[in-house]
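Trainee: Coordinates for the following, if possible.
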Amino acid sequence: MKSPICEMLGIDFPLLAFSHCRDVVAAVSRAGGMGVFGAVNLPPARLRDELTWIDGHCGGKPYGVDLIVPNSMEGKTEAFSGEALLAAVPQAHKDFASGILTSHGVEPGNLDDDRKRSVGFARNMRADGAASALEVAFQFPIRLIANALGVPPREMLEMGKRHGVPVAALVGAKEHAVAQVQAGVDILVVAGGEAGGHCGEVSTMVLIPEVHRAVQAMGATTPILAAGGITTGTQMAAAMSMGAAGAWCGSVWLTTTEAETSETIKQKMLAATSRDTVRSRSRTGKPSRQLRSPWTDAWEREDAPSPLGMPLQSFVSEPALRRVNALAETGHEGAKQLATYWVGQGVGLMNQSMSCGQVVQQFREEFLEARERLIALLDEG
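Mentor: The predicted structure follows:
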């Protein structure tokens, strides 16, 4: 395909797969797309291990790494202190989370111990923590480095240029896209509000042409990857007709045979409709889309405390949800009801579990079918 994304990244088909699962990353790369490994939760040693595995299993095909270095979060301008961050989490929030669990028959246990073990991800979202991850990532032949939740730190942009690796940035609004182009990013990942995980409010159908026009008005040629609710090749073709040069997908891989998601979550996603997700601050402190469950509903109640800023809210939610997910896999009904995971509104189109290779092939076939439909319309005219 003659997409600038294919030329820039050295891939056959401009479909990028964001995933926290190394198996997904390698499988999509082998299939002709490009896997991008979400590394924010990993310390440098673990990241090295994961990239070593990916490099050995991607068949020599290109792959990338994604980090989250937000432009704003709690304690960002201060010296890092895990103890100080944990101390800043109000007891009321921890009690509320434990109360949700007990109301569904889930014994909370000592979640504070789990919180202490979880402080590393907060360091990784700071510029100094990301620098350690970057040092590891650039020891491998990655073909893309991406940042979410803000303009990439200067070191990421500089290292990308020095190593000849394109730098991508996720955006959810036109003004953010303009700022990213001015900062010098190489690829814009334009994510509509349908997206799973962190997302803005503007729909993909509106945001893609809006950003495309803005980039053209700047005289820039920065290519766009469309994201947000895209789970089919038909949607990918539609986005590319509006100015995108390819697609960035995360949700569609969550029900694949290779995915890291638990069997409980996979089954809930396969049964879900497009209306079974909610955009909420209750998991990370920033708006992110996830499966709706009694857990997310509880945080919308009048008696619920207001979600904390990032990363403090994650200290409240993640240990509790890890307990829920582990118990759900034993068949505990209350835990199965509470279980949730990030996923976009495209979940309503994810009705069958397939391998990553099959998903890539289906994208290709549906893309071509959409192309033929448009050509037929022109012929009829």
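Trainee: host element of residue 101?
Mentor: Assigned by DSSP states H and E, residue 101 falls within helix 91-102.
Trainee: what about that helix, distance to the chain center?
Mentor: Distance of helix 91-102 from the chain centroid (C-alpha atoms, centre = their mean, to the nearest Å) equals 27 Å.
Trainee: Quick check: next helix or strand after that helix?
Mentor: helix 111-117.
Trainee: Tabulate the CA atom coordinates of that following helix in PDB.
Mentor: C-alpha atoms of helix 111-117 as PDB (Å, rounded to 0.1, in the frame of the first residue of the first chain):
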ATOM      1  CA  LEU A 111      -4.800  -3.700  49.500                       C
ATOM      2  CA  ASP A 112      -2.200  -1.300  51.000                       C
ATOM      3  CA  ASP A 113       0.600  -3.900  50.400                       C
ATOM      4  CA  ASP A 114      -0.400  -4.100  46.800                       C
ATOM      5  CA  ARG A 115      -0.400  -0.300  46.600                       C
ATOM      6  CA  LYS A 116       3.200  -0.200  47.900                       C
ATOM      7  CA  ARG A 117       4.200  -2.600  45.200                       C
END
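Trainee: So what touches that helix?
Mentor: Helix 111-117 is contacted by residues 82, 86, 89, 94, 97, 98, 315, 318, 319, 320, 322, 323 when judged by C-beta atoms under 8 Å, 6 or more residues apart in numbering. C-beta here means a position set from N, CA and C on the backbone, and glycine is covered the same way.
Trainee: For it, buried residues please.
Mentor: Residues of helix 111-117 classed as buried: 111, 115 (neighbour count, 16 or more other C-beta atoms under 10 Å).
Trainee: measure the residue nearest to residue 371 when sequence neighbours are not counted to residue 247 for me?
Mentor: Computed as C-beta to C-beta, 6 or more residues apart in numbering, the closest residue to residue 371 that is not its neighbour in sequence is residue 237, at 6.2 Å. As judged by C-beta to C-beta, to the nearest Å, residue 237 and residue 247 stand 9 Å apart.
Trainee: again, but for residue 87
Mentor: Distance from residue 87 to residue 247, by C-beta to C-beta: 43 Å.
Trainee: which of these two has more neighbours?
Mentor: Between residue 87 and residue 247, counted using other C-beta atoms under 10 Å, residue 247 has the larger neighbour count: 30 against 9.
Trainee: Distance from the chain centre to the helix or strand where the more buried one lies, please.
Mentor: For residue 247, the enclosing helix or strand under DSSP H and E is strand 246-249. From the chain centre to the centre of strand 246-249 is a distance of 12 Å (C-alpha atoms, centre = their mean).
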